[in-house]
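# Predicted coordinates and the sequence they were generated for:
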Amino acid sequence: MFKFLAVSLLSAALAIAAIPQQANAGGRGVALGVGLGLGAAMLMHSAKKKRRASHRRANARRRAAHRRAAARRSAIARKKKAAYAARKAAIAKKKKQARIAAAAAKRRQLAAKKAALAKQQQLARQAAAEQQEAQTLASVIELPSKNPGSDNLNVAQADFEEDNYEIDTYTPVEETAQKLDCKRYIPSAGLTISVPCSQ
């Protein structure tokens, strides 16, 4: 704008300066000076318009390039953000699955421990019951003593030199069978013995 004004003023000054010198030539110099000044001003103005248009086009191209670059950068940033979110979700899912698997393994281990403890307690109760039953049977049944000084008959010390001996007490077989027809198992000795049914 300022250049256009400067060129216009310069053209006008040249035209005015040419008026007194060429006024004697019939006034053609004034018209020529004014025409040259206006032509130069118009040429300058059109050149300036072209420069402005080229600047506008260049600026528009730069802005479009900046917009395209910004769009590419934002698209890349969105892709990176989506990939990061996907990786983070996958890691979180794996961690959750690992926690669930660890909790399930711990529950299975605790259940196995409880089952083993229950089995041990049941075996201990069974052993205690068997021992109690054996003690009860031992107190009911009188077993021969291994002590040689006892009153019971010891076969190793029996005197078999006499062939003619008599048995003091005789009981019929049927009576003995009736008395000893019940069987009892002694777990501590590992024996099954016949005992009277009345006991």
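Yes, it's here.
# Going by C-alpha atoms from here, please, whenever you check contacts or count neighbours.
Noted.
# The longest helix seen in the chain - contacts with which helices or strands?
The longest helix of the chain (DSSP state H) is helix 28-140. Judged by 3 or more CA pairs under 8 Å, 6 or more residues apart in numbering; DSSP states H and E, the packing partners of helix 28-140 are helix 2-22.
# in stretch 119-133, what's buried?
Buried residues in stretch 119-133, counted by 16 or more other CA atoms under 10 Å: E133.
# no wait, stretch 45-52
Here stretch 45-52 shows H45 as buried, counting by 16+ other CA under 10 Å.
# residue ranges with poor pLDDT in this structure?
Filtered on pLDDT under 70, the chain yields the residue ranges 1-38, 41, 142-181, 198-199.
# Can you report how many residues neighbour K81?
For K81, the neighbour count with other CA atoms under 10 Å is 12.
# can you check the one 10 residues further on too?
In terms of burial, I91 registers 12 neighbours under the definition other CA under 10 Å.
# Report the contact partners of it.
Contact partners of I91, counting by CA atoms under 8 Å, 6 or more residues apart in numbering, are absent.
# where's it relative to K114, distance?
Computed with CA to CA, to the nearest Å, the distance linking I91 and K114 is 34 Å.
# ditto for S188
From S188 across to K114, the span is 29 Å (CA to CA).
# Name the SS class of the closest residue to S194 other than its chain neighbours, please.
Spatial nearest neighbour of S194, excluding adjacent residues (CA to CA, 6 or more residues apart in numbering): K183 at 4.4 Å. State at K183, reduced to three classes by DSSP: H, G, I helix; E, B strand; the rest coil: strand.
# ok, now how distant is K183 from E130?
Taking CA to CA, one finds K183 at 16 Å from E130.
# swap in A103?
Taking CA to CA, one finds A103 at 40 Å from E130.
# same question, K93
Using CA to CA, one gets 55 Å for the distance from K93 to E130.
# got it, and A111?
The gap separating A111 from E130 is 28 Å, by CA to CA.
# How about A40?
Taking CA to CA, one finds A40 at 132 Å from E130.
# what's the answer for A86, then?
65 Å.
# what do you get for V140?
Going from V140 to E130 by CA to CA gives 15 Å.
# Same check on K49?
Separation of K49 from E130 (CA to CA): 119 Å.
# do the same with R184
Distance of R184 to E130, given as CA to CA: 13 Å.
# just L117 next, same as before
Look at L117 and E130: by CA to CA, they are 20 Å apart.
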